[in-house]
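Student: Any chance you could fold what I've pasted below:
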Amino acid sequence: MYEKIVQLKLTSPKDGKKYMTDVLDTEGIFRLIESVPSHKAEPFKMWLASLGKERIDEVFDPEKAIHRAIEYYKNHGYPLEWIERRLKAILDRNKLTKV
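Tutor: Below you'll find the predicted structure:
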């Protein structure tokens, strides 16, 4: 895990000064959560397992990913017409850029 940690200069909210701070990318954060041997980490581990299952299900049934995207946009207040145009634009772009 330690080889995945890098340091970046980040501004401190307390004094506004920049300090070298240990940071991880998204994958590193998930790996860190998995490695924590505490019952308090269990809700996060269950959440990660749930996300993993959802994504694997979407690999086998891509329509589930489309429904998830539609729900995401609806929950963020986008109108149905906009959602339809967005999904069509994604399909059109994929047709144009397909190698």
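Student: so how far is stretch 9-27 off the chain centroid?
Tutor: How far stretch 9-27 lies from its chain's middle: 21 Å, per Cα atoms, centre = their mean, to the nearest Å.
Student: Now do it: everything it contacts.
Tutor: Stretch 9-27 is contacted from outside by Lys4, Ile5, Val6, Gln7, Leu8, Leu32, using Cβ atoms under 8 Å, 6 or more residues apart in numbering. C-betas here are computed from N, CA, C, even on glycine.
Student: before we move on, what about stretch 59-75?
Tutor: Here stretch 59-75 makes contact (Cβ under 8 Å, 6+ apart) with Glu54, Asp57, Glu58, Leu80, Trp82, Ile83, Arg86, Leu87.
Student: what helix or strand is the second one on?
Tutor: Just to be clear, that refers to Asp57. Using DSSP states H and E, Asp57 sits within helix 42-60.
Student: starting at the chain centroid, how far to that helix?
Tutor: Helix 42-60 has its C-alpha centroid displaced from the chain centroid by 12 Å (Cα atoms, centre = their mean).
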